[in-house]
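Asker: requesting a structural model of the entry that follows:
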Amino acid sequence: MLSTQTKDQIDDHLDRFTAAWERRDIPAILELSADDIMGYGPGEGEVIRNKREFDALLRERYAVAASFSLRRGESTIKAEGTIAWVIGDLVLTIDGDVLPCRFTMVLRGTGHRWVVVQYHISGSAPSSD
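Answerer: Just a heads-up that it's a prediction; the model follows:
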C-alpha cells in the first residue's frame, strides 16, 4: 500500500521535475533522473536510452522553441518498495501551440531520494465524440 509519506515524496519529485522543465533547467532535470533513464518523447524519433541521450534531447527540444510551458494535471501514483509508477496528464505549450499529453513515469528510490528511470510522453488520443 502506498504510504502518505511516499506519495508526498513522489508528488514533490513530479512538481520539481515539471518546474525544471518549465524553467528549461537541464541540469535540474538531469539531477532528478537516473543515469540509466529510458523512455520516449512526444516527437518522432525521440528515444532516450541513458542520461546522455536525455540531455541531447532536452537541448534539441529547447533550442527549437521560442516559448515553452508545461503544466501537470491529474496523476495517479502507485508504489511498492523502492519502485513507483505514475500515469497522468500534461498540457504542453510550445510557441503558442497547446498540446494535451499523457505521461507515464517509473521512479526508483535510492534510499535518500527518488530518481526517474523511465519516462514517456505522448499526445492524448482524440475523444470519440
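Asker: pLDDT weak spots in this protein?
Answerer: 125-129 (pLDDT under 70).
Asker: please enumerate the strands of it.
Answerer: In the chain, the segments counted as strands under DSSP state E are 33-40, 47-48, 68-80, 83-94, 97-109, 114-123.
Asker: quickly run through the sheet partners of the shortest one, with directions.
Answerer: What it means is strand 47-48. strand 33-40 (antiparallel) (DSSP bridges).
Asker: could you list the buried residues of the strand it pairs with?
Answerer: If you call a residue buried by 16 or more other CB atoms under 10 Å, then strand 33-40 has these buried ones: 33, 34, 37, 38, 39, 40. C-beta coordinates here come from the backbone N, C-alpha and C atoms, glycine included.
Asker: out of the strands of the chain, nearest to residue 12?
Answerer: strand 114-123 (8.8 Å; CB to CB).
Asker: report the distance from that closest one to the chain centre.
Answerer: Relative to its parent chain, strand 114-123 has a centroid offset of 5 Å by CA atoms, centre = their mean, to the nearest Å.
Asker: same for that strand, what does it pack against?
Answerer: In terms of contacts (3 or more CB pairs under 8 Å, 6 or more residues apart in numbering; DSSP states H and E), strand 114-123 is packed against helix 4-23, strand 33-40, strand 83-94, strand 97-109.
Asker: figure out which of the ones you listed is closest to residue 60.
Answerer: The nearest among those, by CB to CB, is strand 83-94 at 12.7 Å.
Asker: in space, what's closest to residue 7 - neighbours in sequence excluded?
Answerer: residue 77 (5.5 Å; CB to CB, 6 or more residues apart in numbering).
Asker: and for the one you found, the neighbour number?
Answerer: Around residue 77 there are 20 other residues, counting by other CB atoms under 10 Å.
Asker: what's near enough to touch it?
Answerer: 2, 7, 10, 11, 84, 85, 86 (CB atoms under 8 Å, 6 or more residues apart in numbering).
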